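Q: Give me coordinates for this.
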Amino acid sequence: MTTSTIKMAISLSALSMLISANIQASPYGLQDQHSFDSDAKSHSPLPKRYIVKFKNAGSSTETRSTANILAYKPRINEVFSQHRALNSVSANEIIRIGRSNGYTAKLNEESVQALSLRADVDYVEEDVSRHLLNDTLPWGQKVVGATLLSDTQTGNRTICIIDSGYDASHNDLSGNNVSGTNDSGTDDWFDPGHNNAHGTHVAGTIAAIANDQGVVGIMPNQNVNIHIIKVFNEAGWGYSSSLIKAIDTCVNNDANVISMSLGGDEPSITERKAITAQYKRGVLLIAAAGNDGDNSYSYPASYDAVMSVGAVDSNKDHASFVTDQYRTVLQEIKKSASNLM
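A: Coordinates of the predicted model:
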């Protein structure tokens, strides 16, 4: 392994430990962000929706274990047939997931059962909710060795941040190499809006510019490429189907690393398959471990294809508010960085 490759690997390891971690100090000046506790996590304000995955043409034996929902692009006649099937059970607010043969819609119990029994339907599952996980600026850059590394070689890397947007007017962020994609219903990616600073906070942790103002991010010299996808508005809640589309958009914009400081307590078959497919393509997916301070699992962080990241306190001890599942993960990340160095 070359020296440059080792430095890049160490830098990504350091990034993975900080990018979604929840640290106690907050000097970044973005304290108006939302805080989501375990009670909020359990009470999503969103109306119930379902994901309906139709089988690929010519694959009558297709099962839930098959690949990414977004990998197959149905023909026009298939799409018409799928819409007819959904309309036949009075599905409401039908939204196609990308250009796939999967849809998210509002369904009653009878509709769910009817679709599940159709020969051309692979499966029906709840479109589970996802919400932002409270995040503050890491103090621990020195702890993971981020300050020992140069970011001069990060220009050939793109980090995609799926969150609540990016304040393009912020002094610490306005000069970065940043692009973005607007998600339906959340307005412009470069304008988070009032009381919606979570994504800007995450972006600052990654790439706040070294400009003698504010703070300095892990990669502060405006070399790394950043792509923003705003999937959360001020309410801070969304669906797993939106996350699936956002991940696909990240990859289509050449992302090597995807940051997801978000989560929910229910897994999703569709989400897991989409994430696993991108992991197999070499994309590093990072997600927050959770803030409940118990032994619960948070998704997408708990999928095998995702690096789950939590936090330590100023004594390098496991932070009390982070999910217990993070203890082993922290040791694995530390070991990986140590071996590379």
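Q: can you pull the contacts of the residue lying closest to Pro74 once chain neighbours are set aside?
A: Spatial nearest neighbour of Pro74, chain neighbours left out: Asn101 (4.4 Å); criterion: Cβ to Cβ, 6 or more residues apart in numbering. Backbone N, C-alpha and C define where each C-beta goes, glycine included. Residues in contact with Asn101, defined by Cβ atoms under 8 Å, 6 or more residues apart in numbering, are 53-56, 69, 72, 74, 78-79, 82.
Q: so where's the protein shaky on pLDDT?
A: Scanning the chain for pLDDT under 70 picks out the ranges 1-42, 59-68, 134-144, 291-294, 311-341.
Q: Let me know the outermost residue of it.
A: Distance from the centre of the chain peaks at Ser88, with 33.9 Å (Cα atoms, centre = their mean).
Q: measure that residue to Arg130 for me?
A: 29 Å (Cβ to Cβ, to the nearest Å).
Q: what does Lys53 give?
A: 18 Å.
Q: which one of the two has more residues nearby?
A: Regarding Lys53 and Arg130, a neighbour count based on other Cβ atoms under 10 Å identifies Arg130 as having more, with 29 against 23.
Q: Could I get the contacting residues of the closest residue to that one other than its chain neighbours?
A: Of all residues beyond its chain neighbours, the one nearest Arg130 is Gly264 (4.7 Å), with distances taken as Cβ to Cβ, 6+ apart. Shown in contact with Gly264 (Cβ under 8 Å, 6+ apart): 41, 44, 128-131, 240, 298-299.
Q: Would you state the strands of the stretch 151-300 of the chain in chain order?
A: With strands called from DSSP state E, counting those that start in this stretch, the stretch 151-300 of the chain shows them at 158-163, 177-182, 225-230, 237-239, 257-260, 262-263, 284-288.
Q: And Val124, its phi and psi?
A: In this entry, Val124 is assigned phi and psi values of phi -130, psi 130 (degrees, to the nearest 10).
Q: what number of residues lie near it?
A: 19.
Q: Tyr303 versus that one, what's the distance?
A: Distance of Val124 to Tyr303, given as Cβ to Cβ: 20 Å.
Q: just Tyr166 next, same as before
A: From Tyr166 across to Tyr303, the span is 25 Å (Cβ to Cβ).
Q: Likewise for Ala57?
A: Distance, Ala57 to Tyr303, using Cβ to Cβ: 28 Å.
Q: quick one: contacts for the closest residue to Gln82 other than its chain neighbours?
A: Excluding the flanking residues, the one nearest Gln82 by Cβ to Cβ, 6+ apart is Phe54, at 5.1 Å. Shown in contact with Phe54 (Cβ under 8 Å, 6+ apart): 74, 78, 82, 85, 101-103, 120-122.
Q: and what of Pro300?
A: Contacts for Pro300 were tallied using Cβ under 8 Å, 6+ apart; they are 243, 260, 263, 271-272, 275, 285, 287, 306.
Q: Who has more neighbours out of Tyr166 and Tyr303?
A: Neighbours per residue (other Cβ under 10 Å) separate Tyr166 from Tyr303, with Tyr166 holding more: 29 against 19.
Q: and the closest residue to that one other than its chain neighbours, bridged to which residues?
A: If the residues on either side of it in the chain are set aside, Tyr166 comes closest to Ile228, at 4.3 Å by Cβ to Cβ, 6+ apart. Judged by DSSP bridges, the bridge partners of Ile228 are Ile161, Gly180.
Q: my guess is Ile228 contacts Ser164, does it?
A: No: under the criterion of Cβ atoms under 8 Å, Ile228 is not in contact with Ser164, lying 9.6 Å apart.
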